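S.K.: Mind looking at a prediction? Sequence and model below.
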Amino acid sequence: MSSTNWVLKPFSALTVDELYALLRLRSEVFVVEQNCLFMDMDNKDQQCLHLMGWQGDLLAASTRLVPPGVAYELPSIGRVVSSPLVRGTGIGRELMTRSIEEVKLRWGTYDIKIGAQLYLKQFYQSLGFEQTSEIYLDDNIEHIEMILHNSH
């Protein structure tokens, strides 16, 4: 695996090229690959921090770190995405581990709540998240809410 350069920025500090790469990767995976029409630009990005993993000019992976009170009462990690070009290299686990660390650094002792695609339940459980809701449909994809308790 190529070495990954991790960058964390608030929305207002993103360059035009970084913003384009973020939106392009999210569109490539969430809209095209998952065949899901939904409004990705939901006016939450501006309030979030964006963790980007770059491999050269390739945006290999990213998340948005959502402050408490924006998506849920708890802080959240959303728009978790990795490029199809780097899947299977462990970058998803590194992305989430770094995201969890950054949330704890920024917002302290809060638990972290996510809305996870159901097929990723075991992956998130392996990181310490626990299912806290029944299955629900979000943009026609099965999801569950999960919480990582701060003791992890």
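M.R.: In hand now; what should we look at? Every value quoted in this text rests on a predicted model; they were computed, and no experiment measured them.

S.K.: Check which helices and strands the helix or strand bottoming out on mean pLDDT in the chain sits against.
M.R.: Taking mean pLDDT, DSSP states H and E as the measure, the helix or strand of the chain with the lowest value is strand 136-138, at a mean of 91. For strand 136-138, the packing partners by 3 or more Cβ pairs under 8 Å, 6 or more residues apart in numbering; DSSP states H and E come out as strand 141-148. Where you see a C-beta, it was placed from the backbone N, CA and C, and this is true even at glycine.

S.K.: roughly how far is the strand it packs on from the heart of the chain?
M.R.: Centroid displacement of strand 141-148 relative to its chain, using Cα atoms, centre = their mean, to the nearest Å, is 13 Å.

S.K.: by contact count, what packs against it?
M.R.: strand 112-117, helix 121-126, strand 130-131, strand 136-138.

S.K.: Tell me which of the ones you listed is the most buried.
M.R.: Across the helices and strands packed on strand 141-148, averaging neighbours per residue (mean count of other Cβ atoms under 10 Å) puts strand 112-117 on top, at a mean of 22.

S.K.: For the least confident helix or strand of the chain, which outside residues touch it?
M.R.: Residues from elsewhere that reach strand 136-138, judged by Cβ atoms under 8 Å, 6 or more residues apart in numbering: Gly115, Glu142, His143, Ile144.

S.K.: Just the buried residues of those.
M.R.: Buried residues within the contacts of strand 136-138, defined by neighbour count using 16 or more other Cβ atoms under 10 Å: Gly115, His143, Ile144.

S.K.: can you put these in a markdown table and add distance to Ala13 and pLDDT?
M.R.: Below are the buried ones among the contacts of strand 136-138 laid out as a markdown table (distance: Cβ to Cβ, whole Å; pLDDT from 0 to 100):
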| residue | distance to Ala13 | pLDDT |
| --- | --- | --- |
| Gly115 | 26 | 95 |
| His143 | 30 | 95 |
| Ile144 | 33 | 97 |
